[in-house]
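**Q** Show me how the following folds:
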Amino acid sequence: MVPAFTGTTAINSRIHSWYGQFGAVAQKLEYTLGLRYEHSVREVLSLPRNQTYSLTLDNLFPSFNMLYKPKGGLALRAGFSRRVQRNSNFALNPLPEREHSETLEQGDLNLLPEFVNLGELGISKDMGRSTLLATVYYQGVQNTINRVNRVFADTILSRIFTNAGLTQRLGVELATDLKLTKSWKLYVGGTVYRFTQAGQLFQNEVIFDRAAWVYSVNANSTVQINPTLSWQANVNYLSRRITAQGEDSRFLIPNMSVKKSLMNNRLTIMAQWQNIGLGFLPTNEQRITTTGKDFYTSTNYIQEKDVFLINLSYSFRQVSKRAKLPGNEFGDKEF
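**A** So this is what the prediction gives:
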């Protein structure tokens, strides 16, 4: 037992909400309007401190979505929503935890949830069997949660979950869903946005106001070679991103698979090649760098690459409709 690292944290959350929604459909126009009121109370009991930390919040969450289809396969979209992203128990736990010899990690009892405002304007065009899409969007996150560092001892950093101000994204997303042939489908999409983050850390000890351009690209291609044999490949790339105290490097993930069905689709064989590296691609690895007063740290996280999997599945009975299991939308699809 080490007293500085030993204790109990009990978290109790009570959330009550009331919401309403109105929608209408005309010949070319569809729209919905919604409003949710939420009253939440969170109590955190920390032992052996024997202290209770309470947080009571009352918030309104409006939403608006509109779809207008003039003619010729053209569609115009507009939307706005405000959502809440609640804190995890891990981020609230104030007990220090030794992640490894260089890092001491702990949460914040007074952590606030993130509030996300998202607005979008989009246009799409159907051209035969293909679709083109373009969207301009804005996202603002209040009380952004970051893991930040400061010096704990000569060779140990204290990593703390904290609210790190306001982050904003203003950008454009382009995508195309192409059906090149009857058996070949290709999706290519990408987004570029201006990312800004401003706030303060450690009671105004650190004040920051940072901005950078960020982009991502993702593509997916599927070829139906014959009715029982298909090939699929995808790649996702995310560029360098800034954080409150440093930056995260680019991130690349390419994958490929071949699927074969036998015995009237009862037996399926799938071969997968995940995190394709080929011996030279920087796949599934990312360098995270943070700097501050009296410290600099940079770690390159290298995960497994060139992973080969073979999956076999057999259906003893053909099921026409999959059973619908009960679900929980808490934190997933909050109106």
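
**Q** what comes up buried for stretch 276-288?
**A** Residues 276-277, 283-287 are the ones in stretch 276-288 that count as buried (16 or more other Cβ atoms under 10 Å). All C-beta atoms are positioned from the backbone trio N, CA, C, and that covers glycine.

**Q** which strands and helices sit next to the lowest-mean-pLDDT helix or strand in the chain?
**A** Every helix and strand of the chain was ranked by mean pLDDT, DSSP states H and E. The lowest is strand 97-100, at a mean of 82. Helices and strands touching strand 97-100, by 3 or more Cβ pairs under 8 Å, 6 or more residues apart in numbering; DSSP states H and E, are strand 103-106.

**Q** I'd like the next helix or strand past the strand it packs on.
**A** For strand 103-106, the following helix or strand on the C-terminal side (DSSP states H and E) is strand 114-127.

**Q** average model confidence for that next one?
**A** Averaging pLDDT along strand 114-127 gives 95.

**Q** Identify the bridge partners of Q142.
**A** Q142 forms beta bridges with F115, as assigned by DSSP bridges.

**Q** Y237: what's it in contact with?
**A** Going by Cβ atoms under 8 Å, 6 or more residues apart in numbering, Y237 touches 216-218, 250-253.

**Q** can we see that at 7 Å?
**A** By Cβ atoms under 7 Å, 6 or more residues apart in numbering, the residues touching Y237 are 216-217, 250, 252.

**Q** In three-state terms, how would it be classified?
**A** Taken by DSSP: H, G, I helix; E, B strand; the rest coil, the conformation at Y237 corresponds to strand.

**Q** oh, and call the first residue 510 from now on, that's how I've got it
**A** With the count now opening at 510, the last piece we talked about shows up as Y746.

**Q** just to revisit the earlier point, let me know the closest of the buried residues of stretch 785-797 to Q677.
**A** The nearest member of those to Q677, counting by Cβ to Cβ, is Q795 at 23.1 Å.

**Q** just checking, next helix/strand downstream of the helix or strand where the closest one lies?
**A** Taking DSSP H and E as the criterion, Q795 maps to strand 794-801. Scanning forward in sequence from strand 794-801 by DSSP H and E, the next helix or strand is strand 804-811.

**Q** Please identify the buried residues of that next one?
**A** T806.

**Q** Each with direction, which strands does it pair with?
**A** According to DSSP bridges, strand 804-811 forms sheet pairs with strand 794-801 (antiparallel).

**Q** returning to that earlier point: what does the strand holding Q795 contact?
**A** Outside strand 794-801, the residues that touch it by Cβ under 7 Å, 6+ apart are 658-659, 715, 754-758, 760, 806-812.

**Q** farthest-separated two in those residues?
**A** V715 and Q812 (30.4 Å).

**Q** Comparing these two, which shows the higher neighbour count?
**A** Shown here are V715 and Q812; by other Cβ atoms under 10 Å, V715 has more neighbours (16 against 11).

**Q** How about residues contacting stretch 610-624?
**A** Residues from elsewhere that reach stretch 610-624 (Cβ under 7 Å, 6+ apart): 553, 555, 562, 591, 593-596, 599-608, 650-654, 661, 664-672.

**Q** Going by neighbour count, which of those residues are buried?
**A** Buried subset of the contacts of stretch 610-624 (neighbour count, 16+ other Cβ under 10 Å): 553, 555, 562, 591, 593, 595-596, 600-603, 605, 650-654, 661, 666, 668-672.

**Q** Which positions within the helix or strand hosting G680 qualify as buried?
**A** Applying DSSP H and E as the criterion places G680 in strand 675-688. Buried residues in strand 675-688, counted by 16+ other Cβ under 10 Å: 676-678, 680, 682, 684-687.

**Q** elements contacting the helix or strand following that strand?
**A** Using DSSP H and E, the helix or strand that follows strand 675-688 in sequence is strand 693-710. The contact analysis (3 or more Cβ pairs under 7 Å, 6 or more residues apart in numbering; DSSP states H and E) places strand 693-710 against strand 675-688, strand 715-735, strand 750-751.

**Q** residue ranges of the strands in the stretch 510-659 of the chain, please?
**A** Using DSSP state E, counting those that start in this stretch, the strands of the stretch 510-659 of the chain run over residues 517-534, 538-556, 560-577, 583-594, 606-609, 612-615, 623-636, 639-651, 654-662.

**Q** out of these, deepest packed?
**A** Mean neighbours per residue, mean count of other Cβ atoms under 10 Å, is largest over those for strand 612-615, with a mean of 18.

**Q** partner strands of that one, parallel or antiparallel?
**A** Strand 612-615 is paired, per DSSP bridges, with strand 606-609 (antiparallel), strand 665-672 (parallel).
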